[in-house]
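quick one: sequence and predicted model below, then my questions.
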Amino acid sequence: MLNYCIACDLTYPLDTNRMRCGCGGLMEVRADWKADHDTWRDRPLGVWRYREMLPHIDGMVPVTLGEGGTGLHRADRMAQWCGIDELHIKNEGENPTGSFKDRGMTVGVTMAKAMGHSVVGCASTGNTAASLAAYAARAGLTAVVVVPAGKIALGKLAQSIVHGARVLAVKGNFDQALETIGLLAEEGSLYLLNSINPLRLEGQKTLVWEVLDQLDEVPDRVVYPVGNAGNISAAHKALVERDRMGMLPRMPRLTGVQAEGAAPFARMMASGADTLTSEPRPETVATAIRIGHPVSWPKARAAVMETGGTVTTVTDEEILAAQRALASLEGIFVEPASAASLAGLRKLVHVREVDARERVVCITTGNGLKDPDAVLRTSEGAVIEVEPDPRHVRATLEAWS
Ligand code: F0G
């Protein structure tokens, strides 16, 4: 089991501190995986169910909080809102720290601990930081998290603080935070657990495997919000590996959605360019995906192109409308970045890039409770003050309808 450069095939040991090959290429874990349905049939749904298909080093003991095993919810009213026949929501907000990041983090922190690291770090728009802080606490490691000052949701900041991370707010954006901590990691001050670390993406493979195991048929399409482009890349790797094991009857189309103000990947794909032009000033209400230079873009590009998928953008208004629709029609409260997947699906159906007869899975990546700000900001008049008097309450309710 080794890390391979996806550009030049040079190999590195699994426990390397390098996050890029000398040629600048991204890395990925390759191994001679051996498993089939019988291997995990009797195990509960969750990340470690698929342990034969995850990185392994001698002496490692999983650092776990019970991640994965999130619900796949058939959502008929939301399907109608999006304009399609069949929609399922894979709600990653049900993870221990409230986002899909826990899948990558349980694997990343487990490996970091087994390698003997005592300090782990990341740059983050909030969720990676919260997840790293929790798993580092669980493992007895020190976490250093660098976040863009004033630009992360309050709940996520509170999570990082309460789990005991060293929280540094950088006067800049996520891309600058990542570059800064990346240099510290190269010096050997800490072990980097951003999704540029291929071990993180290994854990995130389990998301789409769970979808396949929860749904009796392969979906036509899986829709992801895209920020740093790690998650959609992990999905592609997971599907390719499952295909190689003869366990994927057909390939679902991987589809990415970016916020209009932070959409360098979508723009690259739309223009047919083969390199990414960064967005120097990314801006969106969906702070989790407020990213101007998605580091995993080469993997994400392959994910979309090789599965016949697509990438689109949505406005902040469309994101907030989708968030509200999902919460009020299905009872699922997600953060704005997560709602981008649904807003994007609706748009793609509207412009007929997605056929209404498709069976679609939308990934909602983070819990709405992490970031209630936008909802409250846009809910003026939603709470009506009343006297503790039944007549007044009745009159108010009657006036409502
Ligand atoms: N949705 C949420 C809720 C996220 O927190 C992120 C990324 C994404 C989607 C995008 O996933 O980066 O793999 O394309 N959040 C990172 C963080 C960047 O620091 O928490 P991606």
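Yep, it's here. Numbering: from 1, shown residues only.

who in the stretch 151-300 of the chain is up against the ligand?
195, 225-231, 288-289 (CB under 6 Å from any ligand atom). In short, each C-beta sits where N, CA and C put it, glycine included.

please repeat the previous calculation with a cut-off of 5 Å.
225-231, 288 (CB under 5 Å from any ligand atom).

all the strands of this protein, in order from the start?
Along the chain, counting by DSSP state E, strands occupy 2-5, 11-12, 27-30, 72-74, 86-91, 119-123, 142-148, 166-170, 191-192, 221-225, 253-259, 310-314, 359-364.

mind giving me a markdown table with the ones you listed and columns for mean neighbour count and distance to Arg391?
What follows is the strands of the chain, written out as a markdown table (neighbours: other CB atoms under 10 Å; distance: least, CB to CB, whole Å):
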| stretch | mean neighbour count | distance to Arg391 |
| --- | --- | --- |
| strand 2-5 | 19 | 70 |
| strand 11-12 | 16 | 74 |
| strand 27-30 | 19 | 67 |
| strand 72-74 | 15 | 40 |
| strand 86-91 | 24 | 41 |
| strand 119-123 | 26 | 56 |
| strand 142-148 | 24 | 50 |
| strand 166-170 | 16 | 50 |
| strand 191-192 | 24 | 62 |
| strand 221-225 | 29 | 47 |
| strand 253-259 | 28 | 47 |
| strand 310-314 | 25 | 45 |
| strand 359-364 | 27 | 42 |
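
turn those strands into CSV, columns for distance to Ser160 and mean pLDDT.
Converted to CSV, the strands of the chain look like this (distance: least, CB to CB, whole Å; pLDDT from 0 to 100):
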stretch, distance to Ser160, mean pLDDT
strand 2-5, 28, 96
strand 11-12, 30, 97
strand 27-30, 27, 97
strand 72-74, 28, 98
strand 86-91, 22, 98
strand 119-123, 10, 98
strand 142-148, 5, 97
strand 166-170, 5, 97
strand 191-192, 16, 98
strand 221-225, 21, 98
strand 253-259, 23, 98
strand 310-314, 28, 98
strand 359-364, 22, 98
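
distance to Val63 for these - can I get that in TSV?
Compiled in TSV, the strands of the chain are given as follows (distance: least, CB to CB, whole Å):
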stretch	distance to Val63
strand 2-5	21
strand 11-12	23
strand 27-30	18
strand 72-74	25
strand 86-91	23
strand 119-123	11
strand 142-148	12
strand 166-170	19
strand 191-192	13
strand 221-225	26
strand 253-259	29
strand 310-314	34
strand 359-364	24
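
just so I know, which of those lies nearest Val351?
Proximity to Val351, assessed across these by CB to CB, is greatest for strand 310-314 (8.4 Å).

which stretches in the stretch 301-401 of the chain count as helices?
316-330, 336-350, 373-377, 390-400 (DSSP state H, counting those that start in this stretch).

these: lowest mean pLDDT?
In terms of average pLDDT, helix 373-377 trails the rest of the helices of the stretch 301-401 of the chain, at a mean of 91.

buried sites along that one?
374-375 (16 or more other CB atoms under 10 Å).

can you tell which of the helices of the stretch 301-401 of the chain is closest to the ligand?
When those are compared by CB to the nearest ligand atom, helix 336-350 sits nearest the ligand, at 3.8 Å.

which parts of the closest one are buried?
Result for helix 336-350 [16+ other CB under 10 Å]: buried residues 336-349.

with stretch 278-298 instead?
Buried-residue list, stretch 278-298, by 16+ other CB under 10 Å: 279, 282, 284-298.

quick one: distance of that stretch to the chain centre.
Averaging C-alpha positions (CA atoms, centre = their mean, to the nearest Å) puts stretch 278-298 13 Å from its chain's average.

how about stretch 91-108?
8 Å.

endpoints of stretch 132-152, how far apart?
Its start and end residues considered, stretch 132-152 measures 15 Å (CA to CA, to the nearest Å).

what does the stretch 1-150 of the chain put close to the ligand?
124-125, 127-128.

the buried residues of stretch 278-298 in helices, which ones?
Counting by DSSP state H, the part of the buried residues of stretch 278-298 found in helices is 297-298.

look at Asp216 and report its pLDDT.
83.

phi, psi for it please.
phi -80, psi -20 (degrees, to the nearest 10).

state the distance from it to Pro249.
Noted for Asp216: a distance of 11 Å to Pro249, by CB to CB, to the nearest Å.

more neighbours: these two, which one.
Neighbours were counted for Asp216 and for Pro249 using other CB atoms under 10 Å; Pro249 has more, 9 against 6.

any idea how many residues pack against the residue nearest to Asp220 when sequence neighbours are not counted?
The shortest distance from Asp220 to any residue other than its chain neighbours is 4.1 Å, reached at Glu358 (CB to CB, 6 or more residues apart in numbering). A count of nearby residues for Glu358, using other CB under 10 Å, gives 18.

look up how far the ligand lies from Glu358.
22 Å (CB to the nearest ligand atom, to the nearest Å).

next one: Thr180
14 Å.

can you pull the pLDDT of that residue?
pLDDT, Thr180: 95.

correct me, but it touches Ala169?
No. Between Thr180 and Ala169 there is no contact under CB atoms under 8 Å: 11.8 Å.

just checking, what packs against the top helix by length along the chain?
Selection of the longest helix in the chain by residue count, based on DSSP H, yields helix 198-214. With contacts defined as 3 or more CB pairs under 8 Å, 6 or more residues apart in numbering; DSSP states H and E, the packing partners of helix 198-214 are strand 27-30, strand 72-74, strand 86-91, helix 101-115, helix 230-244.

hmm, back to that, in a markdown table, list the residues of the stretch 1-150 of the chain next to the ligand along with pLDDT and distance to Asp175.
Conversion of those to a markdown table gives the following (pLDDT from 0 to 100; distance: CB to CB, whole Å):
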| residue | pLDDT | distance to Asp175 |
| --- | --- | --- |
| Ser124 | 97 | 12 |
| Thr125 | 95 | 10 |
| Asn127 | 98 | 16 |
| Thr128 | 98 | 14 |
